[in-house]
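Visitor: what follows is a predicted structure for the sequence shown.
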Amino acid sequence: MLKKTVIVIGILVVVFVVIVAVQPGEYSVVRSATMAAPTAAVFEQVNDFHKWDAWSPWAKLDPTMKQTYEGPPAGTGAIYYWAGNKKVGEGRMTITDSRASDLIRIKLEFIKPFASDADTEFAFKPEASQTGVTWSMAGKKNFMSKAFGLFVNMDKMIGGDFEKGLTQLKSAVEMSSRK
């Protein structure tokens with residue numbers, strides 16, 4: 001009986017490992033919104049990490065979060081570090097490409113609760129008197145990420161935060177534009 005139990009457990013482990021191994025090796029999350037504000041004003045909010053507290057979906061999750069900034073105040077080379085509670089974790093963002101009113105690329109490095117990297121991008125598109133903003137994130141999945149992905153969908157997990165952030169960004173830039 002013990003031998004059969006060990007064989008069954010062994011087969012289940014092998015099946016699980018195979019299922020995890022054949023999962024996609026990359027993930028992508030994309031959300032968009034249109035804002036009644038000039039493209040330059042929307043770009044400015046995203047291009048300066050100091051301004052993210054006004055709209056970031058994670059900024060208010062930990063009022064005691066430690067934040068530090070390095071490099072230039074905005075644009076390519078600007079760096080933002082954070083360390084907070086389990087809701088926000090710890091990590092670093094670096095703006096790797098900043099093209100005025102067009103595109104911002106950010107290297108996102110998570111340290112806690114688990115180490116991972118992602119590439120984040122904000123694309124801005126003028127639409128008459130409004131601005132279309134697309135926020136995307138893409139990354140590679142290691143074995144553990146693939147296993148985690150069997151139970152938690154990355155798009156569903158992060159997509160809601162992107163939607164909330166875009167809604168808050170919209171409010172912030174539209175209020176500023178009215179003044």
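Guide: Thanks, I have the structure now.
Visitor: which of the residues in the host helix or strand of Thr34 are buried?
Guide: When elements are assigned from DSSP states H and E, Thr34 belongs to strand 26-35. By neighbour count on 16 or more other CB atoms under 10 Å, the buried set for strand 26-35 is Tyr27, Val29, Arg31, Ala33, Met35. Bear in mind the C-beta positions are built from the backbone N, C-alpha and C, glycine included.
Visitor: and the least confident of those?
Guide: For the buried residues of strand 26-35, the model is least confident at Tyr27; its pLDDT is 78.
Visitor: identify the residues contacting that one.
Guide: Residues near Tyr27 by CB atoms under 8 Å, 6 or more residues apart in numbering: Ala138, Gly139, Lys141, Ser145, Gly149, Met154, Asp155.
Visitor: quick one: which of those residues sit in strands?
Guide: Of these, the ones assigned to strands by DSSP state E are Ala138, Gly139.
Visitor: thinking again about what came up before, and the strand holding Thr34, how far from the chain's centre?
Guide: 10 Å (CA atoms, centre = their mean, to the nearest Å).
Visitor: now for the buried residues of strand 26-35, which pair is the farthest apart?
Guide: Greatest spatial distance in the buried residues of strand 26-35: Tyr27 and Met35, 26.2 Å, computed using CB to CB.
Visitor: residue ranges with poor pLDDT in the protein?
Guide: By pLDDT under 70, the weakly predicted segments of the chain are 20, 22, 143, 146-147, 149-151, 177-179.
Visitor: any idea which residue sits dead centre in it?
Guide: Residue closest to the average C-alpha location in the chain (CA atoms, centre = their mean): Met137, at 5.5 Å.
Visitor: after the strand holding Thr34, which helix or strand is next?
Guide: By DSSP H and E, the next helix or strand past strand 26-35 is helix 39-47.
Visitor: for the contacts of Tyr27, give me TSV that also has distance to Ala74 and neighbour count.
Guide: What follows is the contacts of Tyr27, written out as TSV (distance: CB to CB, whole Å; neighbours: other CB atoms under 10 Å):
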residue	distance to Ala74	neighbour count
Ala138	23	13
Gly139	24	19
Lys141	32	18
Ser145	32	18
Gly149	34	16
Met154	29	17
Asp155	29	14
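Visitor: which parts of the chain are strands?
Guide: For the chain, strands defined by DSSP E occupy the ranges 26-35, 66-70, 79-83, 90-99, 103-112, 116-127, 130-140.
Visitor: who touches the nearest residue to Pro113 once chain neighbours are set aside in this structure?
Guide: Here the nearest residue to Pro113 in space, its sequence neighbours aside, is Gly89; by CB to CB, 6 or more residues apart in numbering that works out to 5.2 Å. Contacts for Gly89 (CB under 8 Å, 6+ apart) come out as Phe110, Ile111, Lys112, Pro113.
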